[in-house]
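quick check, what structure comes out for this input:
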Amino acid sequence: MATPSTTRSKSWFTHFQFKDGEDSTSEARNVLLIVATLIAAVTFQAGVNPPGGVWQDDDHGHTPGSAIYASRKQAYYVFLVFNTVALSTSVLVIMSLTYRFPFHLEILIATASMLVTYGSAIFAVTPHDTYRFRYVLTAAALPFVLRVLIRMFYMCKSKIYKCSENF
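Numbers count the residues shown, from 1 in each chain. Below is the predicted model of the structure:
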C-alpha cells in the first residue's frame, strides 16, 4: 500500500512529464534546447577552467598553467571523461534539435568549433606527463557513435520486419 508521501511524489513527478497529444512538441524542443545549452555551457566552462584552478607558479615542481586537480590523476581523468561525455551529448542534442533550422550550418560550425576549443583547453591544462587522451577522445565520440548505432539498429529492424511481412 502506498503511503500518502509516495503517492504525492509520484503525482508531482508525472504532472511535469511530457504528455504526447497534450503538450506541444515545439515547446518540448525549446525546453530541450535550453537544457542542452545550459549543460554545454557548464561542462565547457568546467573543462576550460578545471575544479581547483591551475597552478600559478612552478614551486614544488608544478607546471604553471596546469590543472591543480590533475595531481589526483585518477579523479581528474574521471572528471575529464564524464565532463566530456556530458558536453558531447549536449552538443549532439543541440545539433539534432536544430537540424534543418535556418542557420543550421552555422550552428554546426559553432558547436564543432566549441568542441575543438574544449579539446585544446583540456590539452593545455593537463600535465604533459599524464597523457590519457584516448579516453577523453573516446568519451567525446561516444554519444555520436551510440546515436549512429541506434539509428542503424532501427533501420535494420524495420527492414527485417518488412522482409518478414512478405512471407
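
any weak-confidence spans in the protein?
Within the chain, the stretches with pLDDT under 70 are 1-10, 13, 15, 129-132, 160-167.

can you pull out the helices in it?
4-15, 25-48, 73-97, 104-125, 133-165 (DSSP state H).

give me the contacts around the third one.
Translated: helix 73-97. 29, 32-33, 36-37, 39-40, 43-44, 46-47, 50-51, 67, 69-70, 107-108, 111, 114-115, 118, 122, 126, 130, 132, 135-136, 139-144, 147 (Cβ atoms under 8 Å, 6 or more residues apart in numbering). Glycine gets a C-beta too; all of them are placed from N, C-alpha and C.

tell me how far that helix lies from the chain's centre.
4 Å (Cα atoms, centre = their mean, to the nearest Å).

likewise for the fourth one?
Taking Cα atoms, centre = their mean, one finds the center of helix 104-125 at 13 Å from the center of the full chain.

got it, and stretch 81-101?
On Cα atoms, centre = their mean, the centre of stretch 81-101 falls 6 Å from that of its chain.

got the CA positions of that stretch in CSV?
Extracted in CSV, the C-alpha atoms of stretch 81-101 (Å, rounded to 0.1, in the frame of the first residue of the first chain):
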residue,chain,number,x,y,z
VAL,A,81,35.8,11.7,-19.2
PHE,A,82,32.4,12.3,-17.8
ASN,A,83,32.5,16.0,-18.3
THR,A,84,33.4,15.3,-22.0
VAL,A,85,30.5,12.8,-22.3
ALA,A,86,28.1,15.5,-21.0
LEU,A,87,29.5,18.1,-23.3
SER,A,88,29.4,15.9,-26.4
THR,A,89,25.9,14.6,-25.6
SER,A,90,24.5,18.1,-25.1
VAL,A,91,26.2,19.2,-28.4
LEU,A,92,24.6,16.2,-30.1
VAL,A,93,21.2,17.2,-28.7
ILE,A,94,21.6,20.8,-29.9
MET,A,95,22.7,19.7,-33.4
SER,A,96,19.8,17.2,-33.6
LEU,A,97,17.1,19.6,-32.4
THR,A,98,18.3,22.4,-34.8
TYR,A,99,18.6,20.2,-37.8
ARG,A,100,17.0,21.9,-40.8
PHE,A,101,16.7,25.1,-38.9
